[in-house]
Every structure is written in structure tokens, then in C-alpha cells.
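**Q** okay, predicted coordinates and the sequence, questions at the end:
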Amino acid sequence: MNGSNRGKADRLLDAEDRASIKGSLPYDVFTMDLQSRSRSVPRSVRPSRRCVLRALGAVGLSFFATGRAHAQPAATVAAASDLKFALEEVAAQFERQTGQKLRLVFGSSGHFKTQILQGAPFHLFLSADEDFVFELADAGKTIDRGRAYAVGRIGIMVPPGSPLKPDGELRDLAAALKDGRLQKFAIANPEHAPYGTRAMEALKHAGVWEAIQPRLVYGENISQATQFAVSGSTQGGIIALSLALAPAVASTGRFALIPQAWHQPLKQRMVLIKDAPPAARAFHDYIATPAAQAVMKRYGFEMPPP
């Protein structure tokens, strides 16, 4: 996040808000709405807000290593944060089946691109925007121009008690801007997070971009934007469908898809970095298998044409 956007977020999130984002209060109410379908989440299985925010907050802050913590991973995977829950499942399957170790690092695709250009020791890059992969290929950092692995979707998420409705066409969001119900709204930073760019495009399509900018709270990546959207410190936000479908997040708000035609497609692409070890190459191939794709589909990703 650049200085201007970071300043906006700091002004909009006061100390009390930041404390709530760290998970000081539990959620105990919720249903999830998705494409006109809703399902109640039993109180006994609802994760607390502390657990949800801790899971999302780990993105970009620490490494996730499959297997035992002391094992030295053979390959480091830099992955867009919309993959947080889906890729952890895929990686666990891969490790069980092959015995090969991975280290997963989640964050902003734009930041990863910059780090790889500067020589960061990543072996496989899963970007939420194929253009970042092409830039790395043009710079000679990759073994080829990569492979498409998924198409993502975005939607609006609102937490319990929010005055907003989960309206995918954003009519209620526009009305809330006019009648004063909307105070803070979360998106990922469009400057380096593809899901933030698509959120901006959708807000422009809805005709509310200029009006909503003073109310925006920017996440460093889509997982942090989701933290802000479900924490109660904002009235909602635009997040990834893949995160909204994760059980830990699904129980913390109501979600509605934004029409896909309202923004450029989220064409997600992966690529091996030069000199990638065998484990990275094997995982790259595993992601294209039916077993891995089944997990991705369960988290709302569309599969690209073969």
C-alpha cells in the first residue's frame, strides 16, 4: 500500500477498530447468502471471530509449511491470498500422496512479482493476475510463460449488524452512500492486488467509485480486505468468492456475487521460476490434476479451458 492509501486506512480505522480486527470479540450470529441460496450455520460449529481473523491475518505475515514444522521444505510457493484456504487443502493432498514438502507463502500478487524480480527465493508463483506472470517471463525470471489454473470471482460481504444488504448489483451500497448508512467499506489495494483492481472496476461500473473513495479501507491483499470486511470495523467489503466459501469465513457474514461482466476477468496463472526444484515442478503439475481441480471448484474457482 502506498503512503496515500495507507493514510486513508489509518484515518478510517481507529484504535478500537484495530483492536476488533485482532479478534477481541466473538461472532455468534450468522447465515450466508450466495446466489439466492442461504444456509444457516449451527451455533455449535460457528468459528469465533478471533479464529477467523487469526486465520486470515496469517496471510502475508508468516509461512505456512505442510508437514512437521521442523522439516525443511524443498520448494517455496508464492501464492495469491485468494488461494489461502483452497491451496492449503491442495498442498496437504499433494504432500500426503507424494511425501514431498512445500512451503506456502500467501500475499499480494503484485508484491510477489516485485519480489521475484528482485531475486526473492520463490520456486513457484501462483498469481491472481496473469499479466504479472507475463511480466516475469518477459524479464527472463521464469522457465516459460506459465499455465492458467483458475478464474476467480468477487462479491460483496457484509458482517452481522451491518446496515448494508448483500446486494450483488450494489444498488443498496449506492443508496447507503446517499443516505449516510455507509461509513467504511473494505477492498484490496488496487495498486498491487488484482482483486482490488476488479473491485474498483465493479464500483466504477455501479457508478459509485468517486463517492465511495473517502470511505474505503484498503487491505494489503484480498485476505486482509476480508479481515476488514468481516471484523465489524467496516460495514462490509468486496472480497473473493474463494474466501467467502471457506467455512471459517462463510459463517461471519452474508455474501452476494457481483456480475462477472462488471469487471475484467480474474484470469489466474502459475509459473515456475528458473531453477525450480523437483518438488515445485511436481506441485505445478499436480495443480492441474482432477483431484486438485475438485478442491479449487469447491472454493468457487472456474477452471480454464484445457
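**A** Cool, the structure landed.

**Q** setting aside sequence neighbours, what's the nearest residue to the spatially most central residue of the chain?
**A** Nearest to the geometric centre of the chain sits residue 82, at 2.7 Å (Cα atoms, centre = their mean). Spatial nearest neighbour of residue 82, excluding adjacent residues (Cβ to Cβ, 6 or more residues apart in numbering): residue 240 at 4.0 Å. C-beta here means a position set from N, CA and C on the backbone, and glycine is covered the same way.

**Q** if I look at the one you found, how far off is residue 224?
**A** Counting by Cβ to Cβ, to the nearest Å, the separation of residue 240 from residue 224 is 12 Å.

**Q** out of these two, which sits in the busier spot?
**A** residue 240 (35 against 27; other Cβ atoms under 10 Å).

**Q** for the stretch 101-250 of the chain, which segments count as helices?
**A** 109-117, 130-138, 171-179, 194-205, 209-212, 222-230, 241-244, 247-250 (DSSP state H, counting those that start in this stretch).

**Q** name the SS class of the residue nearest to the centre of the chain, please.
**A** Under DSSP: H, G, I helix; E, B strand; the rest coil, residue 82 falls in the helix class.

**Q** all strands for the stretch 1-150 of the chain, in order.
**A** Residue ranges of the strands in the stretch 1-150 of the chain, as given by DSSP state E, counting those that start in this stretch, are 31-34, 37-40, 64-65, 76-80, 103-107, 124-127, 147-152.

**Q** same for the last one, what does it pack against?
**A** Right, strand 147-152. With contacts taken as 3 or more Cβ pairs under 8 Å, 6 or more residues apart in numbering; DSSP states H and E, strand 147-152 sits against strand 266-272.

**Q** what does whichever helix or strand comes after the strand it packs on contact?
**A** Next helix or strand after strand 266-272 toward the C-terminus (DSSP states H and E): helix 278-286. Contacts to helix 278-286, defined as Cβ atoms under 8 Å, 6 or more residues apart in numbering, come from residues 73-77, 90-91, 94, 98, 100-102, 123-124, 147, 270, 272-273, 276, 292.

**Q** can you give me the neighbour number for residue 140?
**A** 7.

**Q** mind listing what it touches?
**A** residue 274.

**Q** returning to that earlier point: list the contacts for the residue nearest to the centre of the chain?
**A** 128, 152, 195, 222-223, 240, 242-243.

**Q** neighbour-wise, which one of those residues leads?
**A** Once you tally neighbours by other Cβ under 10 Å, residue 222 ends up highest among the contacts of residue 82, having 39 neighbours.

**Q** low-scoring stretches of this structure, by residue?
**A** 1-73 (pLDDT under 70).

**Q** and stretch 244-252, how far from the chain's centre?
**A** 12 Å (Cα atoms, centre = their mean, to the nearest Å).

**Q** now do stretch 265-282
**A** 19 Å.
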